[in-house]
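structure of the sequence below:
(chains A, B, C and D)
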There are 4 protein chains.
Amino acid sequence: MKLVGISGAIIGSKTAKIVDEVLTRAKAYGPEIDIELIDLKDYLVEMVDGRPLESYNDDTKNVIGKIIDADFFVIGTPVYQASIPGVLKNLLDHLPVTVFESKVVGYVSTAGSSHHSLVAENQLRPILSFFKAIVATKSVFVPNDSFNKESQIIDEDIDRRLTELSQELVYLQTKLANT
Amino acid sequence: MKLVGISGAIIGSKTAKIVDEVLTRAKAYGPEIDIELIDLKDYLVEMVDGRPLESYNDDTKNVIGKIIDADFFVIGTPVYQASIPGVLKNLLDHLPVTVFESKVVGYVSTAGSSHHSLVAENQLRPILSFFKAIVATKSVFVPNDSFNKESQIIDEDIDRRLTELSQELVYLQTKLANT
Amino acid sequence: MKLVGISGAIIGSKTAKIVDEVLTRAKAYGPEIDIELIDLKDYLVEMVDGRPLESYNDDTKNVIGKIIDADFFVIGTPVYQASIPGVLKNLLDHLPVTVFESKVVGYVSTAGSSHHSLVAENQLRPILSFFKAIVATKSVFVPNDSFNKESQIIDEDIDRRLTELSQELVYLQTKLANT
Amino acid sequence: MKLVGISGAIIGSKTAKIVDEVLTRAKAYGPEIDIELIDLKDYLVEMVDGRPLESYNDDTKNVIGKIIDADFFVIGTPVYQASIPGVLKNLLDHLPVTVFESKVVGYVSTAGSSHHSLVAENQLRPILSFFKAIVATKSVFVPNDSFNKESQIIDEDIDRRLTELSQELVYLQTKLANT
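From the prediction side, this is the model:
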């Protein structure tokens, strides 16, 4: 039972940090699950341009393959221009339409100001609905001032909510997995 | 285990018909569940105006009580001015913020044209997200030409999808119910 | 040239206060315009239930008439359950679909927390788009702590932005009015 | 006075075709305006990765420069996974936040089915709102069956609406341009 985290940022480290936190806490709550972080910063995913999948580079095929093989997900997105970044949308454009169908997916978002706290709800969640994902209820918005200079989370409410999301993901997956 | 259907229209019969279909099919799939249709046409729910709940009329208190007591839900909405009707939003305004928390909720919508098929996704689902509902993945949009003159569903695809939504509701509720 | 403000709250006074501010500032900027505040608290608008318009009470017909006769608009909404209130949506449900077509419309919203600052953008603006309004670019979200106990606006940034919205409304209307 | 069309697709030709139609019709209506089509298929715009603008390739800088220099806009988007494509969002991510401020912007979208007709409204327009654009009211959704095999528009309603959008863009720009 594998939980894959997707960090949809190739600038900065906060989004990957938060996704990694969710993975680590999920693993602590459900030690039997496998976790893997796909940090888009570590892969050169090519732009979707109509080629058949086998023509794309290895990073592209590798990332898509990992996502197809996973059982449940947490997606992290920064906020760029009041939406998700092009680099994350491009990854989603690569995926088969059934990839998240009836699968558990949670999400987190990061931005400078709480004015952007509904962006993921309005711009990412409709995409997850289109994919027919079972979306976790406890998505977390993490404003930049939740971190100290060492990129540790110092906001207690955010800290608690990340744990709740992690546990909800494991709970939903455990209950819903066809066994 | 009680499934309540809420029909958010007080004009016309199509929305109530569709909600009732989901209830009936859910009952056929899971005979142990109880079902009840709350058709807003049958109740005079007062406008939310800041009074304490006990000051509202019996219909208002009755409907709210039924919703609070239910275990899972299907909500039906027509499309008015590219959104859900005021009468449905007013009912949602009455509800305690925890009423749908971690509960399974599906939705269906009806309208004249398929151009409105994303309205419920964009206007109702964010409200369900706010309520932290677990939203069924198989929501159904039912255009008016899916019905014959006797208000029977004649569109086979819609018919099949209503069954799928009904079964998903029972499936999710059965898996997730704390037993 | 008449600017009508619609305050979509029947509980509390903040939304009406903000709409009134926009009206007053617009009048100061363009003394030739007429202004009027429609505070839904002052009218008993009946629920849309399919009757012909002439069957509704005088308040309902009066409010609809004022809106039909106006040239441009500012709409104020509080945030209820992550959307606009039922009472405001119900008013919009009463309106003819051409009422805002190619007319200038601005909006403001009020709520307790800046986490709700995108609600009007996501829940009210799509309705204005449906109506084919020319939506002012400078909509303002006003958190509750922008006011002092005497309901005066003490947040300087909010104060400045309300003036900018007021002036934009007059500017757009003046430029676009068919003369 | 320059109208730039941005076609946000690098697969297929329908989106570029529609954007080009709007440009041509706008030119016919306002012969004094200059028009230019930016078809993303003709440019290799790099992924936003945090570098300073001068480090990107010539295509990237060229496209951004053309957009910054333009006066008003029409943006065309296909629908990928219930949203705009990553390649278009990535271009928007490159742009300075003031690029569309108080400028007239229209949009058109293309997809296989009218079930997607609200995608641009829900996924592109909030981004234009964030940029504080004055959004044209007559956006057009163009389903694939509006074209014949020679990619000519054969749907009369779509044809008329594209003309209306073109004329609205010129009208708004002419009225609002600071002269």
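
spit out the contact partners of the spatially most central residue of chain A.
Centroid-nearest residue in chain A, with CA atoms, centre = their mean: residue A:75, separated by 0.9 Å. Applying CB atoms under 8 Å, 6 or more residues apart in numbering or on different chains, we find residue A:75 in contact with A:5, A:6, A:8, A:19, A:88, A:105, A:106, A:107, A:108, A:124, A:128. C-beta here means a position set from N, CA and C on the backbone, and glycine is covered the same way.

report pLDDT for it.
On pLDDT, residue A:75 comes in at 98.

cool, and residue A:13?
Note for residue A:13: predicted pLDDT of 94.

surely residue A:36 meets residue A:6?
No. Using CB atoms under 8 Å, residue A:36 is not in contact with residue A:6; the gap is 9.8 Å.

which one's more surrounded, these two?
For residue A:36 versus residue A:6, neighbours defined as other CB atoms under 10 Å in any protein chain shown are more numerous around residue A:6 (26 against 13).

list the beta-bridge partners for the more buried one.
residue A:38, residue A:75 (DSSP bridges).

show me the contacts for it.
A:19, A:38, A:40, A:67, A:73, A:74, A:75, A:76, A:88, A:91.

let's go with 7 Å and repeat that
A:38, A:73, A:75, A:76 (CB atoms under 7 Å, 6 or more residues apart in numbering or on different chains).

okay if I get the residues you listed as CSV plus distance to residue A:163?
Shown next, in CSV, are those (distance: CB to CB, whole Å):
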residue, distance to residue A:163
A:38, 22
A:73, 18
A:75, 18
A:76, 16
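
which stretches in chain A count as helices?
In chain A, the helices defined using DSSP state H lie at A:14-29, A:58-69, A:86-94, A:119, A:125-130, A:156-176.

which one of those helices lies closest to residue C:137?
Residue C:137 sits nearest to helix A:119 of all the helices of chain A, at 18.3 Å, using CB to CB.

on that earlier part again, I'd like to know which of the helices of chain A lies nearest to residue C:174.
helix A:119 (33.7 Å).

which helices and strands sit right next to the closest one?
On a contact count with 3 or more CB pairs under 7 Å, 6 or more residues apart in numbering or on different chains; DSSP states H and E, helix A:119 meets no helix or strand.

what is the rounded mean pLDDT of it?
96.

and the residue of chain A closest to chain C?
Per CB to the nearest CB, residue A:118 is where chain A lies closest to chain C, at 4.1 Å.

got the phi and psi for the closest residue to that residue other than its chain neighbours?
Once flanking residues are discounted, residue A:118 sits nearest to residue C:118: 4.1 Å by CB to CB, 6 or more residues apart in numbering or on different chains. Main-chain dihedrals, residue C:118, degrees, to the nearest 10: phi -100, psi 0.

list the contacts for the closest residue to residue A:32 other than its chain neighbours?
Nearest non-adjacent residue to residue A:32, counting by CB to CB, 6+ apart: residue A:1, 6.8 Å away. Contact analysis of residue A:1 by CB under 7 Å, 6+ apart lists A:32, A:33, A:34, A:71, A:173, A:177.

from those, pick the one nearest residue C:152.
Using CB to CB, the contacts of residue A:1 come closest to residue C:152 at residue A:173, 51.5 Å.

pLDDT score assigned to the closest one?
97.

surely it and residue A:103 touch.
No. Assessed by CB atoms under 7 Å, residue A:173 is found out of contact with residue A:103, at 8.5 Å.

close to chain D: what parts of chain A are there?
Residues of chain A lying close to chain D (CB under 7 Å from any CB of the partner chain) are A:10-11, A:47-50, A:80-83, A:85-87, A:89-90, A:92-93, A:122-123, A:126-127, A:130.

interface residues of chain A facing chain B?
A:102, A:121-122, A:125-126, A:129, A:132-135, A:137, A:175-176.

and stretch A:16-29, how far out from the chain's middle?
Relative to its chain's centre, stretch A:16-29 lies at 11 Å (CA atoms, centre = their mean, to the nearest Å).

my bad, stretch A:65-82
3 Å.

if we can go back for a sec, just the ones of the contacts of residue A:1 in strands?
Counted as lying in strands by DSSP state E, out of the contacts of residue A:1, are residue A:34.

and stretch A:58-78, end to end?
Counting by CA to CA, to the nearest Å, you get 25 Å between the two ends of stretch A:58-78.

what comes up buried for it?
Judged by neighbour count (16 or more other CB atoms under 10 Å in any protein chain shown), stretch A:58-78 contains these buried residues: A:60-61, A:63-64, A:67, A:70, A:72-78.

returning to what we had before: any idea how far residue D:30 is from the residue nearest to the centre of chain A?
Using CB to CB, to the nearest Å, residue A:75 is found at 44 Å from residue D:30.

what do you get for residue A:71?
For residue A:71, the distance to residue D:30 - CB to CB - is 56 Å.

quick one: contacts of stretch A:78-96?
A:8-10, A:12, A:15, A:40, A:45, A:47-48, A:60, A:63-64, A:67, A:77, A:109-111, A:116, A:119, A:123-124, A:127, D:47-48, D:80-81, D:83, D:85-87, D:89-90, D:92-93, D:126-127, D:130.

again with stretch A:32-50
Counting contacts by CB under 7 Å, 6+ apart, the residues touching stretch A:32-50 from outside are A:1-10, A:16, A:19-20, A:23, A:26-27, A:56-57, A:59-60, A:62-63, A:66, A:87-88, A:90-91, A:93-94, A:170, D:10-11, D:86-87.

now, of those residues, which are buried?
A:3-10, A:16, A:19-20, A:23, A:26-27, A:56, A:60, A:63, A:87-88, A:90-91, A:93-94, A:170, D:10-11, D:86-87.

ok, back up a step: quick one, which of the helices of chain A gets closest to residue B:149.
helix A:125-130 (33.1 Å).

how many neighbouring residues does residue A:152 have?
Residue A:152, neighbours per other CB under 10 Å, totals 11.

spit out the contact partners of it.
Contacts of residue A:152 (CB under 7 Å, 6+ apart): none.

phi and psi next, for it.
phi -90, psi 150.

relative to residue A:79, how far out is residue A:114?
Taking CB to CB, one finds residue A:114 at 11 Å from residue A:79.

more neighbours: which of those two?
residue A:79 (25 against 16).

excluding chain neighbours, what is closest to the more buried one?
residue A:111 (3.9 Å).

contacting residues around that neighbour?
Here residue A:111 is in contact with A:78, A:79, A:143 (CB under 7 Å, 6+ apart).

ok, what's across the strand from it?
Where residue A:111 sits in a bridge, its partners, by DSSP bridges, are residue A:143.

and it, what's its pLDDT?
At residue A:111, the pLDDT recorded in the model is 95.

also the one 4 residues further on?
Predicted confidence (pLDDT) at residue A:115: the value is 91.

what does residue A:152 give?
88.

distance of it from residue A:161?
Noted for residue A:152: a distance of 16 Å to residue A:161, by CB to CB.

and residue A:81, by the same measure?
Going from residue A:81 to residue A:161 by CB to CB gives 25 Å.

with neighbour numbers in mind, choose between the two.
Counted by other CB under 10 Å, residue A:81 and residue A:161 do not tie: residue A:81 has more neighbours, with 20 against 17.

still on that earlier bit, count the neighbours of the residue nearest to residue A:118 for me.
So residue C:118, with other CB under 10 Å, has 26 neighbours.

quick check, it in contact with residue A:114.
No. Applying CB under 7 Å as the test, residue C:118 and residue A:114 come out as separate, 10.2 Å apart.

OK, contacts around the closest residue to residue A:120 other than its chain neighbours?
Of all residues not flanking residue A:120 in the chain, residue A:109 sits nearest, at 3.8 Å (CB to CB, 6+ apart). Contacts for residue A:109 (CB under 7 Å, 6+ apart) come out as A:77, A:79, A:119, A:120, A:141.

and the fourth one, how far is that from residue A:81?
For residue A:120, the distance to residue A:81 under the criterion CB to CB works out to 14 Å.
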